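Q: missing the sequence, but the structure's below:
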């Protein structure tokens, strides 16, 4: 994956997700990390899309947080 091909905003999301994974001492960087930062984005694009599709963004947020809390932590 050539990260330079992505927009600055997209690169920021990926970097934030990686930082989150590191601060939580997770052993792997997963799609769930990216989903978490997208759901936490103050502009609310991901949450807005979920809501527009008839879903509940808060339920998605809780589910991704539960999945991430179950991830093994490094030493």
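A: Right, received. Where do you want to start? For clarity, every value in this text was computed on a predicted model and none was experimentally measured.
Q: From now on I want contacts and neighbour counts done on CA atoms only, so please keep to that.
A: OK.
Q: in the helix or strand containing residue 21, what's buried?
A: Residue 21 belongs to helix 8-23 when assigned by DSSP states H and E. Residues of helix 8-23 classed as buried under the neighbour-count rule (16 or more other Cα atoms under 10 Å) are 13, 14, 16, 17, 18, 20, 21.
Q: cool, stretch 37-50 as well?
A: 37, 38, 39, 46, 47, 50.
Q: How about stretch 47-66?
A: Buried-residue list, stretch 47-66, by 16+ other Cα under 10 Å: 47, 50, 57, 60, 61, 64.
Q: which of those residues lies closest to residue 74?
A: Closest to residue 74 out of the buried residues of stretch 47-66 is residue 64 (19.4 Å), distances taken as Cα to Cα.
Q: List the residues that contact that closest one.
A: Applying Cα atoms under 8 Å, 6 or more residues apart in numbering, we find residue 64 in contact with 32, 35, 36.
Q: neighbour-wise, which of the residues you listed leads?
A: Most neighbours among those, by other Cα atoms under 10 Å: residue 36, with 22 neighbours.
Q: Next, format the contacts of residue 64 as JSON lines and append secondary structure.
A: Below are those laid out as JSON lines (DSSP: H, G, I helix; E, B strand; the rest coil):
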{"residue": "32", "secondary structure": "helix"}
{"residue": "35", "secondary structure": "helix"}
{"residue": "36", "secondary structure": "helix"}
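Q: okay, those in TSV with pLDDT and distance to residue 7 next?
A: What follows is the contacts of residue 64, written out as TSV (pLDDT from 0 to 100; distance: Cα to Cα, whole Å):
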residue	pLDDT	distance to residue 7
32	97	20
35	97	17
36	97	19
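Q: Show me which of those residues is closest to residue 74.
A: The nearest member of the contacts of residue 64 to residue 74, counting by Cα to Cα, is residue 32 at 17.1 Å.
Q: Next up, the contacts around the closest one.
A: By Cα under 8 Å, 6+ apart, the neighbours of residue 32 are 64, 67, 68.
Q: go again using 10 Å as the cut-off
A: The contact partners of residue 32, taken as Cα atoms under 10 Å, 6 or more residues apart in numbering, are 17, 21, 38, 63, 64, 65, 67, 68.
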